[in-house]
Structure formats: structure tokens, C-alpha cells
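**Student:** Show me how the following folds:
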Amino acid sequence: MGLDVRVIQRRKIKCHYCGEVVDYRDIECLDSGGRAWYDVLKPIGYYVPYDQRTEENDWYGKDMVLTDSQATQVRNFVATYDVYNGKSIANLIAAAKCDGDDVVINADW
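**Tutor:** Numbers count the residues shown, from 1 in each chain. Now for the predicted structure:
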């Protein structure tokens, strides 16, 4: 079984009256995969070996909203490694940061 990775640009939808977040909308979604992704999933805290998982750090198959630092790490990773959709993912992350949107990652292995 391979590693499937999805990177999403997600926008917060806020109430016009009170300003609270009421929903989210996925703006763009790109898929990638391959063993090379483990090199970035471990440092950002998404992938944790099975024997070290707890309820707090078990992200398997779940969406993880990345911090600016983590998003930069992923962007640098896809710019360095030759992964499927790498340039498009780097552009997605840049656009999300520019627009003030969240960068979300989801992986299944």
C-alpha cells in the first residue's frame, strides 16, 4: 500500500453579523503521493510511527491544519523533491498564504 497525500486550500466562512467562523470551504485540492513524503510528514508532526501514537498525535486519515511554519516546510519540501504535483502544491500553498486561507494536509498509508 502506498502513501497518498492531499493538500487543501481551505477558506474560513465568517458570519456577516458577528464575525465568527460558521463554515469552511475548500478552494483547491491537490493529490500527491510516494515514499518521499515521509521526509516532511515526520518533521511537521503528521506521521508518527505506530508504536509511538497516542490519541493526541494520531493524524492517520485526518485533516491537519498547518501552521505558517509547517506550510513553509511543506512548500520547501515540494520545491526540493521531485514529487507528483510538486509545483502545483507549492503554488497552492503560496496562494493560500497570500489569501489568508488555511493549508490542510491529509495522508493515508
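
**Student:** all contacts plus neighbour counts: C-alpha atoms, from now on.
**Tutor:** OK.

**Student:** how about the strands in the protein?
**Tutor:** If DSSP state E is used as the criterion, the strands of the chain fall at 4-14, 21-33, 64-65, 102-108.

**Student:** Can you tell me which of those strands is packed in deepest?
**Tutor:** Per-stretch averages of neighbours, counted by mean count of other Cα atoms under 10 Å, single out strand 102-108 among these, with a mean of 21.

**Student:** Using CSV, list the CA coordinates for that strand.
**Tutor:** Once non-C-alpha atoms are left out, strand 102-108 reads as follows in CSV (Å, rounded to 0.1, in the frame of the first residue of the first chain):
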residue,chain,number,x,y,z
ASP,A,102,-5.6,27.6,5.8
VAL,A,103,-3.3,25.0,4.3
VAL,A,104,-4.6,21.5,5.3
ILE,A,105,-2.9,18.2,4.7
ASN,A,106,-4.4,14.7,4.8
ALA,A,107,-2.5,11.4,4.3
ASP,A,108,-3.4,7.7,4.1
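
**Student:** so what does it touch, helix or strand wise?
**Tutor:** Under the contact definition 3 or more Cα pairs under 8 Å, 6 or more residues apart in numbering; DSSP states H and E, strand 102-108 sits against strand 4-14, strand 64-65, helix 86-99.
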